[in-house]
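Trainee: following is a predicted model, sequence given first.
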Amino acid sequence: MIFTLSSIVIAFDLKTLNIGYSSDTVGPVVSVTPSVLQIEVGQNFTINVEVENLTDTTAPDPDNPLLQVPCGNLYGVDLQLGWDPTVIHCVSYQKKIPVETYADGVMHSPSIPVKNDLDESASMLGSEPGTMYWLAEASMLPAAVFNGNGNFVTMTFNVLKEGESPIKILGLTMADISAAPIGRGSSNTWLRPPENATFSTPTSLHKPTITRFSFGYYMGGTNLTLPVIDSENTTVQINVKNDGNVADAINVTLFANSSAISTWLTSVLAAGETEEINWQHAFSFGYYNLTVLAETYGVTSVEQGYLRVVKPPSLSMDYNPKPPMVGEIITFNASASSHQDPEGEIVHYAWRIYAPNMDPAVDPPNATFAGDNLTAINYTFDEAGDWTIVLVVTDNFHLTYDEPRLASAAYRITVPTTIIPEFSSVVSLLALLASTAVIVWRKKKR
């Protein structure tokens, strides 16, 4: 835990603060001490609101030099404080009135307590905007006046998260036994303005940083592509860097739609060192809000992205007439094909026709037809034999067939088609065979 004291004034936040001052300025001053604090997340720290230099004297009114303002003889106080309750939370507080009970306190007994209230929602009626602690109390006769130094209140806070929070004096009135304001001019200008404090977490000690959060179908190297096709593994790549000043092991959690689906603990990383996490998971069809959280000592780093897993198309192809013959116009029709994803649509059709003994994996096609919504084509074959018809489609997700990507096989359909000789050739062949058979029969009969 780091605990830093400083006499430097960090911030003023009172609307009445319109003068500066030096250490030689006369009059009392109220300050939050320590004025600068650095505490780790999860730790507690304590502050005091103290008054110094209350004296039985007067000083020239800063708003009207012809007048005098009291510098002491404290008999009543109204003090209001505020802070950022999302960063720090007050866990306890103790007013230090009167000095007969608290030796380091202020004011004498008997006294009338008016306010000693805590409300971190800042909704106390009548308070200054943002007030979360309100102290108001006055001595009553036969109590003596108070001069010197003392403490109005001691407060203990817990650090909730990484960040900064001023601890601000939002309202302050000190009055003497005649109810005259102490240390403040006729137009509310302070002889010495109240001094606030600034709290912050020492993020330089423990600071995880997510330097990369990528996911998609792994295409090799560092290439990940989206969307992912249903049944494929999604690869998640996370790089976590220790941006703190001490060696740390960092907790990493991956969430899908707010549910934790995997956790890791890095090795102990030296300051500036990065560790890479690679993970694969088969997400089912749908949308996913993926969030990665890196955390150490309550200090966090968060990155977010959206994953979509889509269903592929279902392809169907038919041809007519049957059986197909050389010289005939054959129609190939894929209009019965459909997309299985509710938001999917086949937007492009590419047809390729390969002659007998041609290998679609290596040989160029004999014919190619391509176009948007080209669900059917016509082709006339000039040679009998086993031809191959290949249809590859592209959808509105820009997905298409890619041989190394196994799930993309759904974007391609192959139909082997046997083309028979044209009808006249068949008749001639049959007549030739019949003539040959008659000649052979006659020779045998002789």
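Mentor: Perfect, thanks for sending it.
Trainee: show me what counts as buried in stretch 341-356.
Mentor: Within stretch 341-356, the residues scored as buried using 16 or more other C-beta atoms under 10 Å are D341, G344, I346, H348, Y349, A350, W351, R352, I353, Y354, A355. In short, each C-beta sits where N, CA and C put it, glycine included.
Trainee: hang on, the fifth one is in a helix, isn't it?
Mentor: This points to Y349. No. Under DSSP: H, G, I helix; E, B strand; the rest coil, Y349 sits outside any helix and is assigned strand.
Trainee: secondary structure element holding the nearest residue to it once chain neighbours are set aside?
Mentor: Of all residues not flanking Y349 in the chain, L374 sits nearest, at 4.3 Å (C-beta to C-beta, 6 or more residues apart in numbering). For L374, there is no enclosing helix or strand under DSSP states H and E.
Trainee: which residues touch L374?
Mentor: Applying C-beta atoms under 8 Å, 6 or more residues apart in numbering, we find L374 in contact with H348, Y349, W351.
Trainee: ditto for T235
Mentor: Contacts of T235 by C-beta under 8 Å, 6+ apart are F215, G216, Y217, Y218, L224, N278, W279, Q280.
Trainee: among these, which are in strands?
Mentor: Counting by DSSP state E, the contacts of T235 place F215, G216, Y217, Y218, L224, N278, W279, Q280 in strands.
Trainee: and the fourth one, what's its pLDDT?
Mentor: This points to Y218. With respect to pLDDT, Y218 scores 93.
Trainee: quick one, helices of this structure?
Mentor: 423-445 (DSSP state H).
Trainee: if I pick A336, what's in contact with it?
Mentor: Counted by C-beta under 8 Å, 6+ apart, A336 has contacts S316, D318.
Trainee: oh, I was asking about N257
Mentor: Residues near N257 by C-beta under 8 Å, 6+ apart: Y288, N289.
Trainee: how near is it to N251?
Mentor: 20 Å (C-beta to C-beta, to the nearest Å).
Trainee: equivalent analysis for G272, please.
Mentor: In terms of C-beta to C-beta, G272 sits 19 Å off from N251.
Trainee: the two: which has the busier surroundings?
Mentor: Using other C-beta atoms under 10 Å as the criterion, G272 and N251 rank with N251 on top: 17 against 10.
Trainee: quick one: contacts for that one?
Mentor: Counted by C-beta under 8 Å, 6+ apart, N251 has contacts T263, W264, L265, A294, E295, T296.
Trainee: the residues you listed in strands, which ones?
Mentor: T263, W264, L265, A294, E295, T296.
Trainee: just the pLDDT for the closest residue to the fifth one other than its chain neighbours.
Mentor: To tie it back to what came earlier, the one meant is E295. Nearest residue to E295, sequence neighbours excluded (C-beta to C-beta, 6+ apart): N251, at 4.8 Å. Note on N251: pLDDT of 96.
Trainee: measure N251 to I39 for me?
Mentor: 21 Å.
Trainee: now do the same contact list for I238.
Mentor: I210, R212, F213, V252, L254, E276, I277, W279, V292.
Trainee: from those residues, which land in strands?
Mentor: Among these, the members found in strands (DSSP E) are I210, R212, F213, V252, L254, E276, I277, W279, V292.
Trainee: just the buried ones from those residues, in PyMOL syntax?
Mentor: Buried members of the ones in strands among the contacts of I238, defined by 16+ other C-beta under 10 Å, are picked up in PyMOL with:
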select buried, resi 210+213+252+254+277+279+292
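Trainee: any chance of the ones in strands among the contacts of I238 in a markdown table, plus distance to T55?
Mentor: Shown next, in a markdown table, are these (distance: C-beta to C-beta, whole Å):
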| residue | distance to T55 |
| --- | --- |
| I210 | 57 |
| R212 | 62 |
| F213 | 61 |
| V252 | 59 |
| L254 | 63 |
| E276 | 65 |
| I277 | 64 |
| W279 | 69 |
| V292 | 60 |
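Trainee: name the nearest of the ones in strands among the contacts of I238 relative to H398.
Mentor: Using C-beta to C-beta, F213 comes nearest to H398 of these, at 22.6 Å.
Trainee: was I right to think the closest one contacts A294?
Mentor: No. Applying C-beta atoms under 8 Å, one finds F213 not in contact with A294, separated by 9.7 Å.
Trainee: where does the stretch 201-350 of the chain have low pLDDT?
Mentor: Low-confidence segments of the stretch 201-350 of the chain, defined by pLDDT under 70: 203-204.
Trainee: at 90 instead, please
Mentor: Counting by pLDDT under 90, the stretch 201-350 of the chain shows low-confidence ranges at 201-207, 219-223, 243-246, 258, 296-300.
Trainee: quick one, strands of it?
Mentor: Applying DSSP state E, counting those that start in this stretch to the stretch 201-350 of the chain gives strands spanning 208-218, 224-225, 228-229, 234-242, 251-256, 259-265, 274-281, 286-296, 299-310, 313-314, 318-320, 329-333, 338-339, 346-354.
Trainee: okay if I get those as JSON lines plus distance to L406?
Mentor: Output for the strands of the stretch 201-350 of the chain, formatted as JSON lines (distance: least, C-beta to C-beta, whole Å):
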{"stretch": "strand 208-218", "distance to L406": "10"}
{"stretch": "strand 224-225", "distance to L406": "14"}
{"stretch": "strand 228-229", "distance to L406": "9"}
{"stretch": "strand 234-242", "distance to L406": "14"}
{"stretch": "strand 251-256", "distance to L406": "23"}
{"stretch": "strand 259-265", "distance to L406": "24"}
{"stretch": "strand 274-281", "distance to L406": "14"}
{"stretch": "strand 286-296", "distance to L406": "20"}
{"stretch": "strand 299-310", "distance to L406": "15"}
{"stretch": "strand 313-314", "distance to L406": "15"}
{"stretch": "strand 318-320", "distance to L406": "26"}
{"stretch": "strand 329-333", "distance to L406": "26"}
{"stretch": "strand 338-339", "distance to L406": "19"}
{"stretch": "strand 346-354", "distance to L406": "20"}
